[in-house]
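Engineer: Any chance you can model this:
(2 chains)
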Protein chains: 2
Amino acid sequence: PMHGEIITIGNELLSGRTIDLNAWYAAGRLTASGLRVNRITTVGDDPEKASSAIKEAMCCSEFIIITGGLGSTEDDITNEIVANVLKRPLCLHKEMYGRLKRFVDKRGMEMSPSIEKMAWMPEGSKLLDPKGYACGFALEENNVHLYFLPGVPDQMRYLMDKVVIPDLLSRYKTLPVLRQRILKLYGLSEPQVAEALKEITGRRKEFIFGFYPHFPENHITISLRGKDEPSVLEKLNSVEKEIKEALGSYIFGTGNDTMESVVGELLKRKKMTISVAESCTGGHISNLITNVPGSSIYFLGGVVVYSNMSKEKILGVSPETLKSYGAVSDQTAKEMAEGVREVMKSDIGIAVTGIAGPEGGTKEKPVGTVYISMATGSELFSKRYRFWGTREQIKKNTAMMALDWVRRYIYGYSILSGI
Amino acid sequence: PMHGEIITIGNELLSGRTIDLNAWYAAGRLTASGLRVNRITTVGDDPEKASSAIKEAMCCSEFIIITGGLGSTEDDITNEIVANVLKRPLCLHKEMYGRLKRFVDKRGMEMSPSIEKMAWMPEGSKLLDPKGYACGFALEENNVHLYFLPGVPDQMRYLMDKVVIPDLLSRYKTLPVLRQRILKLYGLSEPQVAEALKEITGRRKEFIFGFYPHFPENHITISLRGKDEPSVLEKLNSVEKEIKEALGSYIFGTGNDTMESVVGELLKRKKMTISVAESCTGGHISNLITNVPGSSIYFLGGVVVYSNMSKEKILGVSPETLKSYGAVSDQTAKEMAEGVREVMKSDIGIAVTGIAGPEGGTKEKPVGTVYISMATGSELFSKRYRFWGTREQIKKNTAMMALDWVRRYIYGYSILSGI
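Structural biologist: Numbers count the residues shown, from 1 in each chain, chains lettered A, B, ... in the order given. All right, here's what the predicted structure looks like:
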């Protein structure tokens, strides 16, 4: 397979201030696309060290992905380094200049020298995303394809997926078609997933399988290279079917799906509305739901009831319930779910109450204890969970589980009892 | 300062299956100890690539930290590679053998060839932790100190802290002290920050300055090396003071501060409480506030009012206001802020309403238009903003700005009018 290297540039990576998630992301995407990564090198914002890393990589790579150092500050030195290493002059790139100009004009800013600097690029540079918002460029030298990406993770990932990978694959002559599926799971641990798929991955040797934990989800990638699209897709469909049979309702989505987008689609399809009452998740569930464009069609609203007073006043939870059973209890969760469904006039009401920690745990209700409840008018579900991890991990897992309840309810699957 | 490199070995790192937290940890610990990391190199379980990485590092390092490849499986090849690169024979290390023997005896296992393999070490190897549970060894060659650590994070971190760092520092005769400050800013763009600090960074050449965008924040790091702690701290204090004078109220925190933790501290100190009414941010503000442990002391609750009905019913926004001015308006924002303050009985009520996009914009109110309002009982603030970017970026920027209002209000700073 086509092989290459990744170089990440930034003092923050050598000082341990930042975890190198860009190298990790690039490595994962390249591998999943059937390309081979031979080495990852990290250097600081230091022209000499960065130059020698690029030179070393040039001698034995078909491609090099370089991230960082493209911004407008003094330590953003990649353009000059590249010009030096490849012995190409820095030229004013008209397309890039025009883009920077539009950017500053739109915001009523001045074109400063530090911004203009970004338009001085090594001769022969090709912008990766001429019309988009992410700046990056590509060069070819001695049959090595160099891609320079910004260090900002959003932009780096966007360019990697939309431009770099397709560009590399288009140069791959022999087995030109590569197709990939991503399956997203919730509710099984990584070893459980690996165990469940052992037989399939062992038998289906022609596929490249990848397993990636994305807390609290797990992702599976399946890649296959072949001569033509129909045969590749047919094989992918057949292995995907096998995996779906092995993992069943734990698979909540594919591709760019998120749990909240899947739940949103289901609610839209069923013309149902939802509302949320949150205690321990503190607004995280509402935040996820409303990250989906168009969610206002099915999401009527949420309440974050951190105090007993607000639980009583807004949701009508009875003071006796709070007194006898406590705010973190099955009874309170149920009254919250019914209350929010009532006040928001939604078809489904979801409620969570629990102890996110790090303080507030007791022997009976340790940190991570969470009650989830769902009211649908005709039915009232509720269950106690024990989640693990930091405060934010407990919030994330609780939110994910609550959304998964809605998905499972609409599909008619049974609700997960533990994780 | 003493300088060196880090090499991490493992196919799982090149395939993106595992995030390289070992390199990150080692880099952070070395930097914090005043040592300099020049490069991080990651290679697979491949004798040729690993050998050349070690050879390259040997030529220009005082120390090399190598993690991974020390286990008992087939792809654990570090011992042989080192023997090859340094041209030292593999010898049976008696201390190591005894330790492995005790390990298998204790578990009632047999001494297998794959376990015994671990005791065949390059001549001159010194165990790092002869009595402990973590296996690792050190070698010296041409004044380069090589440390071989297991890839298992627990063991790697344990050896790094207990053995490697103290060992390195003991060799470091004129140990300079390194201290670092991190300043966090909101409300200025990266070029604006660079411009504002140009004079200081140009004049104060002895410091290492770093600029890191963390959307929607910007971070500045200031590092200084010196002979003793008091003089280093004094100089850091003086440059920090200059920077604070140059950037004023845009600096919201230092070190591990977050906007929500800073706001939380201020509310606690003033014994004030807060509640939040969110439309376009959809729960993001409440979610941020409640990420702070102990936030239940000052956060009374939040409402996510995505529908007009919930704005009227829960917050008491008047139907006339919604009809005449619309849900995204100055008037609605103000009534939401007063309403949530009233219903939650908090000292401060914060409200945001706007268009997060990508749909829903109009000519008068394009995507990114947001109204923020704050009610404090005696005063009622409100302002219109225009934010840019994706739906999630607009949500993030709005939430950050709303929290910054609370910080600025308590400090008595003026509220930011644009960004």
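Engineer: anything in stretch A:27-39 near chain B?
Structural biologist: Yes - if you take CB under 8 Å from any CB of the partner chain as the test, stretch A:27-39 does meet chain B, through A:A27, A:G28, A:R29, A:L30, A:T31, A:A32, A:V37, A:N38, A:R39. Quick note: C-beta positions are derived from backbone N, CA and C, even for glycine.
Engineer: Sketch out the low-pLDDT regions of the stretch 301-419 of chain A for me.
Structural biologist: Low-confidence segments of the stretch 301-419 of chain A, defined by pLDDT under 70, are located at A:418-419.
Engineer: Start and end of stretch A:254-262, how far apart?
Structural biologist: Separation of the first and last residues of stretch A:254-262 by CA to CA, to the nearest Å is 10 Å.
Engineer: nope, stretch A:84-92 is what I meant
Structural biologist: Start-to-end span of stretch A:84-92 (CA to CA) is 16 Å.
Engineer: With stretch A:267-284 instead?
Structural biologist: Chord length of stretch A:267-284, first to last residue, is 19 Å (CA to CA).
Engineer: next one: stretch A:79-97
Structural biologist: 14 Å.
Engineer: who's in contact with it?
Structural biologist: Applying CB atoms under 8 Å, 6 or more residues apart in numbering or on different chains, the contact partners of stretch A:79-97 are A:47, A:50-51, A:54-55, A:58, A:69-70, A:116-125, A:127, A:130, A:135, A:139, A:141, A:146, A:148.
Engineer: for that stretch, which positions count as buried?
Structural biologist: Of the residues in stretch A:79-97, those with enough neighbours to count as buried (16 or more other CB atoms under 10 Å in any protein chain shown) are A:79-86, A:88, A:90, A:93, A:96-97.
Engineer: before we move on, what about stretch A:196-210?
Structural biologist: A:A196, A:L197, A:I200, A:T201, A:R204, A:F207, A:I208, A:F209, A:G210.
Engineer: Kindly report the same for stretch A:280-295.
Structural biologist: Going by neighbour count (16+ other CB under 10 Å), the buried part of stretch A:280-295 is A:280-292, A:295.
Engineer: same thing with stretch A:251-266?
Structural biologist: Neighbour counts using 16+ other CB under 10 Å place A:I251, A:F252, A:G253, A:T258, A:M259, A:E260, A:S261, A:V262, A:V263, A:G264, A:E265, A:L266 of stretch A:251-266 among the buried residues.
Engineer: So which residues of the stretch 101-250 of chain A form helices?
Structural biologist: Assigned by DSSP state H, counting those that start in this stretch, the helices in the stretch 101-250 of chain A fall at A:113-116, A:153-159, A:165-170, A:190-203, A:229-247.
Engineer: Okay, A:E359 and B:S417: tell me how far apart.
Structural biologist: Taking CB to CB, to the nearest Å as the criterion, A:E359 is separated from B:S417 by 39 Å.
Engineer: List the beta-bridge partners for A:E141.
Structural biologist: Beta-bridge partners for A:E141, by DSSP bridges, are A:V144.
Engineer: That one contacts A:C59, correct?
Structural biologist: No - in terms of CB atoms under 8 Å, A:E141 does not count as a neighbour of A:C59; the distance is 11.6 Å.
Engineer: more crowded one of the two?
Structural biologist: Neighbours per residue (other CB atoms under 10 Å in any protein chain shown) separate A:E141 from A:C59, with A:E141 holding more: 16 against 8.
Engineer: That one and A:I77, how far apart?
Structural biologist: Note on A:E141: its distance to A:I77, by CB to CB, is 19 Å.
Engineer: do the same with A:Y371
Structural biologist: Separation of A:Y371 from A:I77 (CB to CB): 54 Å.
Engineer: Residue nearest the middle of chain A, spatially speaking?
Structural biologist: Nearest to the mean C-alpha position of chain A, by CA atoms, centre = their mean, lies A:H214 at 7.4 Å.
Engineer: Do you know the pLDDT at that residue?
Structural biologist: As predicted, A:H214 sits at a pLDDT of 80.
Engineer: Give the closest residue to it in space, chain neighbours not counted.
Structural biologist: In space, not counting the residues next to it along the chain, A:H214 is nearest to A:K184; the distance is 8.0 Å by CB to CB, 6 or more residues apart in numbering or on different chains.
Engineer: Select the longest helix from chain A.
Structural biologist: Ordering each helix of chain A by length in residues (DSSP state H) puts helix A:391-411 first.
Engineer: quick one: buried residues of it?
Structural biologist: Buried-residue list, helix A:391-411, by 16+ other CB under 10 Å: A:391, A:393-410.
Engineer: What ranges in the stretch 151-300 of chain A fall below the confidence cut-off?
Structural biologist: Per-residue confidence for the stretch 151-300 of chain A (pLDDT under 70) gives these ranges: A:173-176.
Engineer: mind running it again at 80?
Structural biologist: For the stretch 151-300 of chain A, residues meeting the criterion pLDDT under 80 lie at A:172-178, A:190-191, A:210-213.
Engineer: what about the residue lying farthest from the centre of chain A, distance to chain B?
Structural biologist: For chain A, the C-alpha farthest from the mean C-alpha position belongs to A:E320; by CA atoms, centre = their mean, that distance is 42.6 Å. Computed with CB to the nearest CB, to the nearest Å, the distance linking A:E320 and chain B is 21 Å.
Engineer: Is that residue inside a helix or a strand, and which specific one?
Structural biologist: Assignment of secondary structure by DSSP states H and E places A:E320 within helix A:319-325.
Engineer: Next, the buried residues of that helix.
Structural biologist: Within helix A:319-325, the residues that count as buried by 16+ other CB under 10 Å are A:T321, A:L322.
Engineer: for the following helix or strand past it, which positions count as buried?
Structural biologist: Tracing the chain past helix A:319-325, the next element assigned as helix or strand by DSSP H and E is helix A:330-344. Judged by neighbour count using 16+ other CB under 10 Å, the buried positions of helix A:330-344 are A:330-341, A:343-344.
Engineer: which ones among the residues you listed come in contact with chain B?
Structural biologist: The subset of the buried residues of helix A:330-344 within reach of chain B, by CB under 8 Å from any CB, is A:V343, A:M344.
Engineer: Which member of the buried residues of helix A:330-344 is positioned nearest chain B?
Structural biologist: A:M344 (6.0 Å; CB to the nearest CB).
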